[in-house]
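1. Just the structure for this:
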Amino acid sequence: MKKIMYILLAGFLWGFIGISIKLVNNEINPLSLNFFRFLTAFILLLILSPIIDKNSLRLKKKNIKSYAIIGLLFAITTSLFVFAVSKTTISNTVILQAFQPFFLMVIAYFWLKEKITATKVVTLIIGLIGVYIVHPLSTGELIGNISAIVSGFFFALLTAYMRSADKKMHHTSTLWYMFFAALFMLPFPFIFGTGLLMKNIIYILMLGGLGTGLGYFFYNLALEKMEAEVAGLFAMILLPISSIIFGIIVIKEALPLMTIIGGLVLIGSGIYLELHSKKVRS
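-> Have a look, this model is predicted:
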């Protein structure tokens, strides 16, 4: 029962990510904002992680390279996500990023030598139909919608690397993923400035503390009690749902019927693809 509570709580907290970015309202450059997000998350995890594992603050030399690569890919993925939310709707961003499993299918074929089956091809076609129904060119800015799709690509690249390096999200490693992500984002506040930092400090704490730090903290607790594949499927469902609901309630963001239908088709086909891919790997 605890694992379900943890994963649902993580999904709820992830809903703060999209609205926090929207509430900042471009008063802080998206790349600078992402640095403050990771810094906040790292500090929070620095406090919470030792409560679960006293050894979580130890960074083994053999893990530095892989943690740094994951941190870099995580920084790129989330920076594109933050930029996308700042330019288009929350619903468009989370739904278009949900194309990630299909990118992963192609990347895994070339990198991890995973088979592309007829079922995968059919599911990809259904996913593309979902994207067509969403019709991302009709709402928000084109650059934001494209950024959301590219974010999904880098998310797939991140997933493939973690699978190839046999690295997982857990409380010990996530602390260092956040550290390296913040390190890679460090130059941007100097390049683009900090914007109206103090005015938006509450939203930064929501983004980095609640949405990222606490969100991944509870996600990691869930991972300790359930399979990573199952937790990942929950994440695929909960992140877009909570983000869209928060967007509707807090900032009154409109949700067109076609976006709902297309989103359900895309996310549903992505979930089916993940289940099928797991069966093929097994």
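2. how about the residue nearest to Thr174 when sequence neighbours are not counted, what does it touch?
-> Among residues not flanking Thr174 along the chain, Tyr216 sits closest, at 5.3 Å (CB to CB, 6 or more residues apart in numbering). Just so you know, the C-beta spots here come from the backbone N, C-alpha and C atoms, and that holds for glycine as well. Residues near Tyr216 by CB atoms under 8 Å, 6 or more residues apart in numbering: 10, 41, 45, 169, 174, 178.
3. Let's have the residues you listed in CSV, adding neighbour count, pLDDT and distance to Lys65.
-> Formatted as CSV, the contacts of Tyr216 follow (neighbours: other CB atoms under 10 Å; pLDDT from 0 to 100; distance: CB to CB, whole Å):
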residue, neighbour count, pLDDT, distance to Lys65
Ala10, 25, 89, 28
Ala41, 28, 95, 22
Leu45, 25, 91, 21
Met169, 18, 61, 18
Thr174, 26, 85, 17
Met178, 27, 93, 17
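4. Now do the buried residues in stretch 115-132.
-> By neighbour count with 16 or more other CB atoms under 10 Å, stretch 115-132 contains the buried residues 120, 123-124, 126-127, 130-131.
5. Which of those fall within helices?
-> 120, 123-124, 126-127, 130-131 (DSSP state H).
6. Alpha carbons of whatever helix or strand Ile69 lives in, as CSV, please.
-> Per DSSP states H and E, Ile69 falls inside helix 64-87. Below are the C-alpha coordinates for helix 64-87, written out as CSV (Å, rounded to 0.1, in the frame of the first residue of the first chain):
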residue,chain,number,x,y,z
ILE,A,64,31.3,10.0,-11.5
LYS,A,65,31.4,9.6,-15.3
SER,A,66,27.9,8.0,-15.6
TYR,A,67,26.4,10.3,-13.0
ALA,A,68,27.8,13.3,-14.9
ILE,A,69,26.4,12.0,-18.3
ILE,A,70,23.0,11.4,-16.7
GLY,A,71,23.1,14.8,-15.1
LEU,A,72,23.9,16.4,-18.5
LEU,A,73,21.1,14.6,-20.3
PHE,A,74,18.7,15.4,-17.5
ALA,A,75,19.7,19.0,-17.7
ILE,A,76,19.1,19.2,-21.5
THR,A,77,15.8,17.3,-21.2
THR,A,78,14.3,19.4,-18.5
SER,A,79,15.7,22.7,-19.9
LEU,A,80,13.8,21.9,-23.2
PHE,A,81,10.7,21.1,-21.1
VAL,A,82,10.9,24.4,-19.1
PHE,A,83,11.4,26.3,-22.4
ALA,A,84,8.5,24.5,-24.0
VAL,A,85,6.1,25.3,-21.0
SER,A,86,7.2,28.9,-21.2
LYS,A,87,6.2,29.1,-24.9
